[in-house]
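J.: sequence and predicted structure are below.
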Amino acid sequence: MTDLNMSLWGAGGALILAVLIYNFWQEYKAKKNVQRAFGDHKDDVLMNAEPAATAQTSQRMEPRFDDARQGNVQPEVDQAQTYTVRSRESQAVQIDDFIDCVVTLDFESPVRGDKLLAEIQSLRIVGNKPVHFAGINEGQRENLVHSGNYSQLIAGVQLVNRSGPLNELEYSELVMKLREIADNLNAFLDMPDMKHVMDSGRDLSLFVSEHDAQLSVNVKSKGAPWDVGTLLAAMEKLGFDARPDGRLVMLDGEGGALFTLALSASAADQVTPRITLLLDVPCVSPKRGGFSAMVSCAKSLGLRLGGTLVDDSDAPIDEATLAQIQEQVEVFYSAMQAAEIPAGSTRAVRIFS
């Protein structure tokens, strides 16, 4: 080996070593940045921040914010009142004539609930539309129970969700399966006209497409990227609930999602330069102050981590935009209320699933 070869080998080795040292130093700084941001603070940054409220237009709007409203991330909830509400909701019949295609099966004499439950257990979905059941007991619609006696069986298939309206194939599948159930129970099946059902589904689907709004807020690092592992651990300590799909969810105090957090990084990445917070607008009630809480969270994280709030194009957010979007959000919620699909209601959550 010549002196030149040895020199080249030495230079190459030094370069590789330098790259390894640089990468190690970058990872070390990323981890330290997050540890410094959260390690010395006992308080919950999300609970002590000053939130701001705003909104976003249909489908995916650019993130905009407004400091006009103040509030907390997780609203204070009266526990006794919460228990009462949950108790009533757990007993509520799931069939909704407004968003479901309702089908009846009439019996010559009452049929016990345990027999009905055995028949319908395999019919919970057609295509991607959920199917719910109820029974008529003494003239009242109620959830099926084993010991009940019912003069009618009521089936309801959801007319629309985010994937689109109920289609002919899904409806035909429902008819076929309900006919089989009706034959087994010696019942008279009353199916509504397919064209009417399809038209109703398309009308409702138009509303869903026009009001499918999601608000996003991005926090971008001003310097080195953040260490993913340390960041995820810190987010869970702050109250985010880790989900199997990789999302981190901030709960609303009653088990529902207030907003979610995702990292701009793949599963293999060790660092990330950006955090994205997302609010599913039609699925969160205005009284929750979801966007206010989300923006508050983003601003607080920005302060701790040395980041700045940006839109999807990495352009900084200004306060003037926030005030404009706040007005839009009020219009959005008013439109949902007028359509009898209030944001955050069971009806809204079902069709925006």
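T.: Yep, it's here.

J.: the residue nearest to residue 189 when sequence neighbours are not counted - how many residues pack around it?
T.: Among residues not flanking residue 189 along the chain, residue 182 sits closest, at 4.1 Å (C-beta to C-beta, 6 or more residues apart in numbering). Any C-beta I mention is one placed from the backbone N, CA and C, and that applies to glycine too. By the criterion of other C-beta atoms under 10 Å, residue 182 has 20 neighbours.

J.: how close does residue 182 sit to residue 101?
T.: 16 Å (C-beta to C-beta, to the nearest Å).

J.: circling back to that earlier point, which residues are contacting the helix or strand where the residue nearest to residue 189 lies?
T.: Using DSSP states H and E, residue 182 falls within helix 168-185. Contacts to helix 168-185, defined as C-beta atoms under 8 Å, 6 or more residues apart in numbering, come from residues 101, 103, 105, 107, 111, 115-116, 119-120, 122-123, 126-129, 131, 153, 155, 157, 187-189, 191, 194, 197-198.

J.: same thing but 6 Å
T.: Under the criterion C-beta atoms under 6 Å, 6 or more residues apart in numbering, residues 105, 119, 123, 126-127, 129, 157, 189, 191, 194 lie in contact with helix 168-185.

J.: need the max-distance pair from those residues.
T.: By the measure C-beta to C-beta, 119 and 194 form the most distant pair in these, at 23.3 Å.

J.: pretty sure residue 132 sits against residue 93.
T.: No. Counting by C-beta atoms under 6 Å, residue 93 is not a contact partner of residue 132; they are 8.0 Å apart.

J.: out of the two, which sits in the more crowded spot?
T.: Neighbours per residue, other C-beta under 10 Å: of residue 132 and residue 93, the larger number sits with residue 132, 19 against 16.

J.: partners of that one in the sheet?
T.: residue 156 (DSSP bridges).

J.: which parts of stretch 146-157 are buried?
T.: Under the neighbour-count criterion of 16 or more other C-beta atoms under 10 Å, stretch 146-157 has 148, 150, 152-157 buried.

J.: any chance you could map the helices in the stretch 101-250 of the chain?
T.: With DSSP state H, counting those that start in this stretch, the ranges of helices along the stretch 101-250 of the chain come out as 113-120, 168-185, 194-210, 228-237.

J.: turn those into a markdown table, including distance to residue 216.
T.: Listed next are these as a markdown table, based on distance: least, C-beta to C-beta, whole Å:
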| stretch | distance to residue 216 |
| --- | --- |
| helix 113-120 | 40 |
| helix 168-185 | 32 |
| helix 194-210 | 19 |
| helix 228-237 | 17 |
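
J.: which one of the ones you listed lies nearest to residue 140?
T.: Nearest of the helices of the stretch 101-250 of the chain to residue 140, taken as C-beta to C-beta: helix 113-120 at 13.9 Å.

J.: name the residues of that closest one that are buried.
T.: Of the residues in helix 113-120, those buried by neighbour count under the rule 16+ other C-beta under 10 Å are 113, 116, 119-120.

J.: who touches that helix?
T.: 133, 144-146, 148, 153, 181, 184.

J.: the stretch 251-353 of the chain: helices as residue ranges?
T.: 290-305, 319-338, 346-351.

J.: dump these to a markdown table, plus mean pLDDT, distance to residue 311 and mean neighbour count.
T.: Listed next are those as a markdown table, based on pLDDT from 0 to 100; distance: least, C-beta to C-beta, whole Å; neighbours: other C-beta atoms under 10 Å:
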| stretch | mean pLDDT | distance to residue 311 | mean neighbour count |
| --- | --- | --- | --- |
| helix 290-305 | 89 | 12 | 25 |
| helix 319-338 | 84 | 9 | 16 |
| helix 346-351 | 96 | 26 | 19 |
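
J.: between these, which gets nearest to residue 247?
T.: helix 290-305 (13.8 Å).

J.: what is the closest one packed up against?
T.: strand 213-221, strand 257-263, strand 274-280, strand 307-310 (3 or more C-beta pairs under 6 Å, 6 or more residues apart in numbering; DSSP states H and E).

J.: let me know the closest of the buried residues of stretch 146-157 to residue 289.
T.: Looking across the buried residues of stretch 146-157 and measuring by C-beta to C-beta, the closest to residue 289 is residue 156, at 32.5 Å.

J.: mind listing what the closest one touches?
T.: Residue 156 is in contact with 95, 100, 102, 132, counting by C-beta under 6 Å, 6+ apart.

J.: what do you get if the cut-off is 10 Å, keeping everything else the same?
T.: Taking C-beta atoms under 10 Å, 6 or more residues apart in numbering, we find residue 156 in contact with 93-97, 99-103, 130-134.

J.: residue 289 and residue 296: what is the separation?
T.: Distance, residue 289 to residue 296, using C-beta to C-beta: 9 Å.

J.: before we move on, what about residue 150?
T.: Counting by C-beta to C-beta, the separation of residue 150 from residue 296 is 49 Å.
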